[in-house]
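>>> quick one, what's the 3D model for this:
(4 chains)
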Protein chains: 4
Amino acid sequence: MAGNTFGRILTLTSFGESHGVAIGGVIDGFPSNVKIDMAFIQQQLDRRKPGQSSITTSRKEDDTLEILSGVFDGYSTGTPIAFMIRNKDHKSHDYSHIKDVYRPSHADYVYEKKYGIRDYRGGGRSSARETIARVVAGAFAMLWLKNFDIDIYAYVSGVGDVYLDEEITKVDKNKIDSNIVRCPDKETAKEMIALIKNVQREKNTLGGKISCVVEGLPVGIGTPVFNKLHADLGSAMLSINAVKGFEYGMGFSGCESFGADVNDKWFFDDGTIKTKTNYSGGIQGGISNGNDIVMHVAFKPVATLMQDQDSIDKHGNEIVIEGKGRHDVCVVPRAVPIVESMAALVIADHLLEYFAYKNSRF
Amino acid sequence: MAGNTFGRILTLTSFGESHGVAIGGVIDGFPSNVKIDMAFIQQQLDRRKPGQSSITTSRKEDDTLEILSGVFDGYSTGTPIAFMIRNKDHKSHDYSHIKDVYRPSHADYVYEKKYGIRDYRGGGRSSARETIARVVAGAFAMLWLKNFDIDIYAYVSGVGDVYLDEEITKVDKNKIDSNIVRCPDKETAKEMIALIKNVQREKNTLGGKISCVVEGLPVGIGTPVFNKLHADLGSAMLSINAVKGFEYGMGFSGCESFGADVNDKWFFDDGTIKTKTNYSGGIQGGISNGNDIVMHVAFKPVATLMQDQDSIDKHGNEIVIEGKGRHDVCVVPRAVPIVESMAALVIADHLLEYFAYKNSRF
Amino acid sequence: MAGNTFGRILTLTSFGESHGVAIGGVIDGFPSNVKIDMAFIQQQLDRRKPGQSSITTSRKEDDTLEILSGVFDGYSTGTPIAFMIRNKDHKSHDYSHIKDVYRPSHADYVYEKKYGIRDYRGGGRSSARETIARVVAGAFAMLWLKNFDIDIYAYVSGVGDVYLDEEITKVDKNKIDSNIVRCPDKETAKEMIALIKNVQREKNTLGGKISCVVEGLPVGIGTPVFNKLHADLGSAMLSINAVKGFEYGMGFSGCESFGADVNDKWFFDDGTIKTKTNYSGGIQGGISNGNDIVMHVAFKPVATLMQDQDSIDKHGNEIVIEGKGRHDVCVVPRAVPIVESMAALVIADHLLEYFAYKNSRF
Amino acid sequence: MAGNTFGRILTLTSFGESHGVAIGGVIDGFPSNVKIDMAFIQQQLDRRKPGQSSITTSRKEDDTLEILSGVFDGYSTGTPIAFMIRNKDHKSHDYSHIKDVYRPSHADYVYEKKYGIRDYRGGGRSSARETIARVVAGAFAMLWLKNFDIDIYAYVSGVGDVYLDEEITKVDKNKIDSNIVRCPDKETAKEMIALIKNVQREKNTLGGKISCVVEGLPVGIGTPVFNKLHADLGSAMLSINAVKGFEYGMGFSGCESFGADVNDKWFFDDGTIKTKTNYSGGIQGGISNGNDIVMHVAFKPVATLMQDQDSIDKHGNEIVIEGKGRHDVCVVPRAVPIVESMAALVIADHLLEYFAYKNSRF
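Numbers count the residues shown, from 1 in each chain, chains lettered A, B, ... in the order given. The predicted model follows:
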């Protein structure tokens, strides 16, 4: 109930504070006999890592993953996979200046009120460093899903007012990592990078949008009422720090659409049932229909600014928070693997549900 | 796991097919000693009911609620509250013509593939009639929440391209039911009604948007990681039929925003900590901050059209689906109480979590 | 959390008070396309029914089951199966005399303290009438399990100090219903019946023991740590009214045993791996080993006596509770199908878990 | 679903193999602001530790606990508490000789069949070393419960055929640790110790019984149907390695009892409602009644013997397993803190449920 466990059959329990001893998690319900490709997991961590390019925070973190259990001779054993990354130098910094401070649009105040105590160092549990656990677990899930030719990829589709052309309904997934902003269109990527650098100079921050696609999902994944596939995907994405919105298929544009324009018509394509369009985003009634699952996630601008901001402290003083430190201007380039990971956890969980019943027919 | 139970401490288990014997649910974990105002529950059902106005389906359904357990002498007892509404005349119609048909943007095909069998009559379990269970349970939750001065209301903020002026950040909730489209602004409501009637004449359908506000929530409701308050609200809304998107606070507009513009600055207002703006939508780090919770939900156009549509059947035939029957052109007027209900279930569940720990301090 | 839902993948949500409108439940996660043999379900209900023989309460209840959803044309559809049995004449009796009374070894007082309100009529929610929901759901589970040749049966192995001879390690399951006490040994059954009738004449009540066997379970059912197969079975049995103890395999006799005597030795039987003995009760490390699952459940004597008892009421008065009404002297003959049902729910839930992963190997 | 998470509001997720990198767990939902007495936690670990006395295994393990998150400046923060104990020398031993062997009454074979792979070193996940996570989490729970004057203690009440006199209904809890077998009666303890040493000489093993008491629990803890307090306690105890049975209150002796003898009669004691006897074991209808909760847990003899045993290997060979290594003859002295811990986790979880609703009255 305290909300640090995600999933139903396949679960991730996440733990750790930004400047505590370690960040990590426990994956339970992971299938056995899956070959664990540590290089792939590290690669996903590297895509999330600070300091990876000129448009992310310059803060260096050396995320060395340690697997504590559940993997034997390179294969998963079906028992819980615990993992952690130690926080380096977690005792070295002096955070007493932010001890009593409530930063604008940060969770300091609500933690204080809810728990009566908080680990204030670097945001503690509310730090985006928590997403490390998601990326590791998501990478495990992706390793399993690959065996069924299910592929999940995300990319940056918006930075500020620079959006990927909406006409592009299918991007080239191989081009996502061809640039540092992770937008698969070269020209748009250039504009996005320029915009981020500009905002960086102005000591401001900026929002952005990530799109995510699940390819290769069979028909029948998802459940029809409260745990509709897109409801679980939405919950997963909205649980990521800084996310303010989620849509799938036609999304918010559906508000303005007419039924005759956006109904996805069935047809036979060489004996296979398909739809002519994919306004539904690959899901009908909460269940996958064989098309690509397509969704979009809105990220707000980073709340920590490099400029001074007025605020208050817990003692009732009005204060000024200085703009210092090293922070991202726009989180979306680093959030791409996080979005992929949350999608992978949802898909893997639902695939296990699907298998439970597929086998239940006698 | 099959997804017909919603919530963690307070749960709703929903059951029933559109044309089966009955639609209903079981509410578990409902606090005892709550006075059950049946008139209020019926009023919420009436707001959801077909046939309520000239812009909803003309189909008449007489939703007579029967409480089967958990209420004694007008008060909740703390035991499960089961309820149901019998489906009238559920045997009278002949549905054999849609037995083998896959309607565009409906769930017929995916149910068939997932379960190998489906109750095809009127959409079966995928019918929006299932939302009756949500409205009843949500009304129960609202009855309890009222004791803590927590008020939840939703309203129509968009129909097609007619939106409620974005400048209106706070509507007059008493005006929501002053018109049949449930938009609290008289002029906008008129436009929306005219648009719906126009689309009705064209035998087409139309999407829309509902906004929802939670007032009076104390600071500290919600949990910080996977079950962020907005993640649970998003999951709740996305589980409603025809919903394609969810956003809270600045939502998708956050993609284009700058941090310096949308950070909510803290200040002391007569000793109370408040924010000058509410771009955060009342939630920080997944936990309520004392402001109104504000969210928006996107509904796609109804998939059932009054015009002919090409489709296929399960035998491999190309067919034409005739546009007949009585269906809504735009669901949002009737979906207002459903949105309120799902919000109420999430808030009540999290309030119980809050109470569990509030009392845990010694 | 309020504890009216049982199971994880396959769940039963139970509802209803003894003298409320109805008793029933919702089964979620039930496999689709299972042929629903209503006669079998009714037969299990009849075995639980009061008034069935000279050694049960003479109270007549006509339990007419109504399926509300989830079954279509005689087959399960994969959607929630809701069912109920209306309580006849639930308004006719006057229960005001027990309104404020705390009966010895009944739950009146604890309900009053926990909830501040209770439906006092006939025990309300704490009535053993609640087990109807278990028997219905268990019968559904058994119908599905039969397709995999998994058979579950229970029998009375003790009434007072009359026990089925411990030497009998395997009973003839076809003889269970050959007598009214449901003990498969004719001579022991006679003794048990005589004892019950004797105690009945003395207006006293008596405890008893039920044993339960699961046959045909493949190797690998169950999970190894908190949800060990026997931990879930124990939880299931202990949740039945009047149960005071649970053991499996060697059970409490294991306290006095030596390892060399009770280790189950593996051997090859025509290429199949088997054990020479079954002290383990068919489970090792929480997982089925291919042997019969064998367990025993202890029932205390019925708390309602036909003789006067001293007690108190909520107003602080010492009172005498008169011994009147029609009650069972010993519950075990009627509890046999309840034990079978709870076992079936656990086994079906774990079988779905097993299937989820069996299919996860690629 | 994979069963490595225990509890509902307060949860423990356990991980780790006997000879993997580490054993540990994550406690979620732990109340904030609880002072964490590390000495108490270590003391509980020391009571579980091998090598602690002449009647336990002589194997030395230096269990050094590391807290990874959720504790700040000596107090719990309300965020997940992750902890681990590294396994020393986990690479040093050669376990290849048991790689393919199925030991009698061990879980080797069922793991192999269920997962198709297993970490065979020292029992892997099925090793009783897993109970370290339970003891740590249980100690945390006990630290919180102490604030409400709820005290939990267990003691050895049986070793082989030496039982603590049944007449002793209330032991002196301060004497439990006055001897190495943890039986609070001096003379009985002597007999037990002598018996264990005798069996040790015979290279055999022996079962035993542990009793557990919860003192100071208010009325109203527990829920009435599937999660009856004793059902959850039973599930908790049965999930401990080597446990074969659970009973509470009159337990299995209830099978032979008459209602008039074992009904607990209510009376007023200085205005407080009490019962004259406690055959119910402190629980009625699944809910605590203000009396001590009393339960008993049966442990089978350790399966690993110091004598040779016939068995088979996975290749179809008949083999002899040599009796070597250092193992316990009887687990109950070391299992006392494990039983206490599982009880504490259940009680803490239910106390949070109780608080959720206690505060829900307005």
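
>>> neighbours of whatever residue of the stretch 151-300 of chain A ends up closest to chain D, how many?
Proximity of the stretch 151-300 of chain A to chain D (Cβ to the nearest Cβ) peaks at residue A:227, 13.8 Å away. All C-beta spots, glycine's among them, are computed from the backbone N, C-alpha and C. Using other Cβ atoms under 10 Å in any protein chain shown, residue A:227 has 25 neighbouring residues.

>>> in contact with it, which residues?
A:8, A:286, B:1, B:3, B:239 (Cβ atoms under 8 Å, 6 or more residues apart in numbering or on different chains).

>>> just the element for it, please.
In this assignment (DSSP states H and E), residue A:227 forms part of neither any helix nor any strand.

>>> now do it against residue A:8, distance only.
Note on residue A:227: its distance to residue A:8, by Cβ to Cβ, to the nearest Å, is 8 Å.

>>> what's the answer for residue A:335, then?
Using Cβ to Cβ, residue A:335 is found at 25 Å from residue A:8.

>>> which of these two has more residues huddled nearby?
residue A:335 (26 against 19).

>>> now do the buried residues in stretch A:199-206.
Using 16 or more other Cβ atoms under 10 Å in any protein chain shown as the test for burial, stretch A:199-206 gives A:199, A:200, A:204, A:205, A:206.

>>> ignore the last one, stretch A:265-277
Buried-residue list, stretch A:265-277, by 16+ other Cβ under 10 Å: A:265, A:266, A:273, A:274, A:275, A:277.

>>> list the residues that contact the residue in the stretch 201-350 of chain A positioned nearest to chain B.
Residue nearest to chain B within the stretch 201-350 of chain A: residue A:285 (2.7 Å; Cβ to the nearest Cβ). Contacts of residue A:285 were listed using Cβ under 8 Å, 6+ apart, and they are A:224, A:228, B:106, B:107, B:110, B:111, B:126, B:241.

>>> go with 6 Å
Going by Cβ atoms under 6 Å, 6 or more residues apart in numbering or on different chains, residue A:285 touches A:224, B:107, B:126.

>>> isn't residue A:217 right next to residue A:288, touching?
Yes - using Cβ atoms under 6 Å, residue A:217 is in contact with residue A:288, at 4.8 Å.

>>> skip the chain neighbours and tell me the closest residue to residue A:175.
Nearest residue to residue A:175, sequence neighbours excluded (Cβ to Cβ, 6 or more residues apart in numbering or on different chains): residue A:184, at 4.1 Å.

>>> distance of the one you found relative to residue A:211?
The value you get for residue A:184 to residue A:211, if Cβ to Cβ is used, is 10 Å.

>>> any residues in contact with both of those two?
Joint contacts of residue A:184 and residue A:211 (Cβ under 6 Å, 6+ apart) are residue A:155.

>>> residues from chain A in reach of chain D?
A:1-2, A:4, A:9, A:13, A:15-17, A:20-22, A:26, A:28-29, A:32-33, A:68-69, A:72, A:75, A:77-80, A:82, A:115-117, A:119, A:125 (Cβ under 6 Å from any Cβ of the partner chain).

>>> just the CA coordinates of stretch A:2-16, formatted as PDB?
Output of stretch A:2-16 as PDB, limited to C-alpha atoms (Å, rounded to 0.1, in the frame of the first residue of the first chain):
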ATOM      1  CA  ALA A   2       2.900   2.400   0.600                       C
ATOM      2  CA  GLY A   3       3.400   2.200  -3.100                       C
ATOM      3  CA  ASN A   4       6.900   1.000  -3.600                       C
ATOM      4  CA  THR A   5       5.900  -2.200  -5.400                       C
ATOM      5  CA  PHE A   6       4.800  -2.200  -9.000                       C
ATOM      6  CA  GLY A   7       3.000  -4.900 -10.900                       C
ATOM      7  CA  ARG A   8       1.000  -8.000 -10.000                       C
ATOM      8  CA  ILE A   9       2.500 -11.200 -11.300                       C
ATOM      9  CA  LEU A  10       5.900  -9.700 -12.200                       C
ATOM     10  CA  THR A  11       6.700  -7.100  -9.500                       C
ATOM     11  CA  LEU A  12       9.300  -4.500  -8.900                       C
ATOM     12  CA  THR A  13       9.900  -3.300  -5.300                       C
ATOM     13  CA  SER A  14      12.000  -0.200  -5.400                       C
ATOM     14  CA  PHE A  15      14.100   1.300  -2.600                       C
ATOM     15  CA  GLY A  16      16.600   4.000  -1.900                       C
END
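
>>> and it, average pLDDT?
Averaging pLDDT along stretch A:2-16 gives 97.

>>> stretch A:257-276 now?
93.

>>> measure it end to end?
17 Å (Cα to Cα, to the nearest Å).

>>> now check it, is it near chain B?
Yes - taking Cβ under 6 Å from any Cβ as the criterion, stretch A:257-276 and chain B are in contact, through A:257, A:258, A:259, A:260, A:263, A:264, A:265, A:266.

>>> surely the fifth one and residue B:102 touch.
No - Residue A:263 lies out of contact with residue B:102 (Cβ under 6 Å); the separation is 11.9 Å.

>>> overlap of the contact sets of those two?
Residues touching both residue A:263 and residue B:102 (Cβ under 6 Å, 6+ apart): there are none.

>>> between the two, which has more neighbouring residues?
The neighbour count for residue A:263 versus residue B:102, taken as other Cβ under 10 Å, is higher for residue A:263 (27 against 23).

>>> contacts only, for the more buried one.
B:104, B:105, B:303 are the contacts of residue A:263 under Cβ under 6 Å, 6+ apart.

>>> between those residues, which is nearest chain D?
residue B:105 (32.7 Å).

>>> I'd assumed the closest one was in a helix, is it?
No - per DSSP: H, G, I helix; E, B strand; the rest coil, residue B:105 lies outside any helix segment and is coil.

>>> the closest residue to it other than its chain neighbours: what's it in contact with?
Using Cβ to Cβ, 6+ apart and skipping the chain neighbours, the partner closest in space to residue B:105 is residue B:303 (3.9 Å). Going by Cβ under 6 Å, 6+ apart, residue B:303 touches A:263, B:105, B:106.

>>> now render the contacts of residue A:263 as a markdown table, adding distance to residue D:320 and pLDDT.
Below are these laid out as a markdown table (distance: Cβ to Cβ, whole Å; pLDDT from 0 to 100):
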| residue | distance to residue D:320 | pLDDT |
| --- | --- | --- |
| B:104 | 70 | 93 |
| B:105 | 68 | 93 |
| B:303 | 70 | 94 |
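
>>> rewinding a little: from the contacts of residue A:227, which land in strands?
Among the contacts of residue A:227, none falls in strands (DSSP state E).

>>> flag the shaky bits of chain A, pLDDT-wise.
Applying pLDDT under 70 to chain A picks out residues A:1, A:89-94, A:359-362.

>>> give me the distance from the longest helix seen in it to the chain's centre.
Counting residues, the longest helix in chain A under DSSP state H turns out to be helix A:332-358. Put simply, helix A:332-358 sits 10 Å off its chain's centre (Cα atoms, centre = their mean, to the nearest Å).
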